[in-house]
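1. Kindly generate the corresponding structure for this input.
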Amino acid sequence: MNNKRIAVLASVIGVLSLVVQLVPQIFVNRWIGNGSPSWLPTFGTLGQTALVYTNGTKVIGLLFMMVLAVGFGYYVGQRIALRREYQRFLGAVAAGTLIPFVIAYGVTVLYDLFSGGALGVETVFFPLVSLLGLFVPVSLVVTVAAFAGAAFAHIPKTESDLTSSQHAT
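-> Residues are numbered from 1 along each chain as shown. Sure, this is the predicted structure:
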C-alpha cells in the first residue's frame, strides 16, 4: 500500500482527533466566561457542568480516536505484507499524525505574531506545550490503535483460515 496514502489517512484521523479534543475545550472556555447556553443541561454549578462536559468529551474523543485508528489499521492490515510493511506503516502513521500538530502550531504562532504579540515565551513556548499535551495522547493512541487494527486483520476468522495459515508457514 502507498505510504503517502497511509500518511494522508493518518493525517485525516489526526485532524479529526485534534478537532474532537479541542472543540469541546473551546466551548467550555466560552461557557465559563459567558455562562452555559440555556438549551444545555446543567449539573449543579457552572464549574461542575464544565467538569462533566470536559471529561465526557475527553472519553468520547478518546473512544472516537480508538475506533477510527483501529478501523484504519484493520483496513491497512488487510492490504499489506507483514514485517517490512509494518515498519513502513509505523513511519507513515507517525508522520501522518504529526502533520496536523505542526500545522496547528505554526498557525497558532503566526496568529499570535500577527495579532501584535512579540516572539517570546507566550507566543512560542506555551502553544508548543499545549500542542504537545495533545500530540502525545493523540499520536500515541492513533499509532497503537492503528497497529492493533492491522493485527486484527491477520487473526484467523474461521477454523479453516487457522488451519490454512498454519500450513502456509
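2. Quick check: which ranges of this protein have low pLDDT?
-> Scanning the chain for pLDDT under 70 picks out 1, 32, 36, 81-83, 121-122, 129, 136, 157-169.
3. element containing the residue lying closest to V142 once chain neighbours are set aside, please.
-> In this structure, V142 finds its nearest non-sequential neighbour in A69, 4.4 Å apart by C-beta to C-beta, 6 or more residues apart in numbering. To be clear about C-beta, it is placed using only N, CA and C from the backbone, and glycine gets the same treatment. Here A69, judged by DSSP states H and E, is contained in helix 46-77.
4. and that helix, what other elements does it pack with?
-> With contacts defined as 3 or more C-beta pairs under 8 Å, 6 or more residues apart in numbering; DSSP states H and E, the packing partners of helix 46-77 are helix 3-34, helix 126-152.
5. Adding distance to A50, write those helices out as JSON lines.
-> Output for the helices and strands packed on helix 46-77, formatted as JSON lines (distance: least, C-beta to C-beta, whole Å):
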{"stretch": "helix 3-34", "distance to A50": "5"}
{"stretch": "helix 126-152", "distance to A50": "18"}
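6. can I get those helices in JSON lines with distance to A104 and mean neighbour count?
-> JSON lines is the format used below for those (distance: least, C-beta to C-beta, whole Å; neighbours: other C-beta atoms under 10 Å):
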{"stretch": "helix 3-34", "distance to A104": "7", "mean neighbour count": "17"}
{"stretch": "helix 126-152", "distance to A104": "6", "mean neighbour count": "18"}
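7. between these, which one is nearest to V109?
-> If you check each of the helices and strands packed on helix 46-77 against V109 by C-beta to C-beta, helix 126-152 wins as the nearest, at 6.1 Å.
8. name the helices or strands packed onto that closest one?
-> Applying 3+ C-beta pairs under 8 Å, 6+ apart, we find helix 126-152 packed against helix 3-34, helix 46-77, helix 83-114.
9. Select, out of those helices, the one closest to A151.
-> The stretch from the helices and strands packed on helix 126-152 with the least distance to A151 (C-beta to C-beta) is helix 46-77; that distance is 6.6 Å.
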